[in-house]
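Trainee: how would this look folded up:
(one chain, ligands or ions: 1)
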Amino acid sequence: MHCPFCRHPDSRVVDSRTSEDGLVIRRRRQCPECGQRFSTLETSSLMVVKRSGVTEAFSREKIVNGVRKACQGRPVSDDDLALLAQRVEETLRASGSAELDSHDVGLAILGPLKDLDEVAFLRFASVYQGFDSLDDFEAAINLLRIEHGQ
Ligand SMILES: [Zn+2]
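Mentor: Numbering: from 1, shown residues only. So this is what the prediction gives:
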């Protein structure tokens, strides 16, 4: 990143802030040569490869929209959903890979959703994992029971 004032080829990051949707990182930089400060906007490098092969930028909003339906009628607030999307993003970023499969994103949703609301989790899992019989539901419920120690 060249300094826009003196064209010095190097700069120091003094502050970083990620936008609400996680798509843009705003960095405050300072030039070590002339001391001027300037801001840069950098887009998130987290990309998701959809089943169709199309690549799109990861967005928390899409996570929230994807999960909201499963949470209908459940005691889940918008704040809960925002926090869930944040946890999903943190998990995905921690994987260290810049390009993710939509399958990985779905898997990253299951854990925090289970903690949030088990009914919503079962709904989401039934669509996401393609449950097609009562046996599938029963298996998933049994897993939850084992986790509860019942
Ligand atoms: Zn400079």
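Trainee: and the residue minimising distance to the centre of the chain, what does it touch?
Mentor: The centre of the chain sits closest to residue 89, judged by Cα atoms, centre = their mean, with a distance of 2.6 Å. Going by Cβ atoms under 8 Å, 6 or more residues apart in numbering, residue 89 touches 22, 46, 58, 60, 63. C-betas here are computed from N, CA, C, even on glycine.
Trainee: among those, who's most crowded?
Mentor: Greatest neighbour count in those, by other Cβ atoms under 10 Å, goes to residue 63: 26 neighbours.
Trainee: using CSV, write out every CA atom in the lengthiest helix in the chain.
Mentor: Longest helix of the chain, by residue count under DSSP state H: helix 78-94. Provided in CSV are the C-alpha atoms of helix 78-94 (Å, rounded to 0.1, in the frame of the first residue of the first chain):
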residue,chain,number,x,y,z
ASP,A,78,-32.3,-10.7,16.0
ASP,A,79,-29.4,-10.2,18.4
ASP,A,80,-29.1,-14.0,18.9
LEU,A,81,-29.0,-14.4,15.1
ALA,A,82,-26.4,-11.7,14.7
LEU,A,83,-24.3,-13.3,17.4
LEU,A,84,-24.7,-16.7,15.7
ALA,A,85,-23.6,-15.3,12.3
GLN,A,86,-20.6,-13.8,14.1
ARG,A,87,-19.6,-17.1,15.6
VAL,A,88,-20.0,-18.8,12.2
GLU,A,89,-17.7,-16.2,10.7
GLU,A,90,-15.1,-16.6,13.4
THR,A,91,-15.2,-20.4,13.0
LEU,A,92,-14.7,-20.1,9.3
ARG,A,93,-11.9,-17.5,9.5
ALA,A,94,-10.2,-19.7,12.1
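Trainee: if anything else comes up later, I'll come back, but that's it for now.
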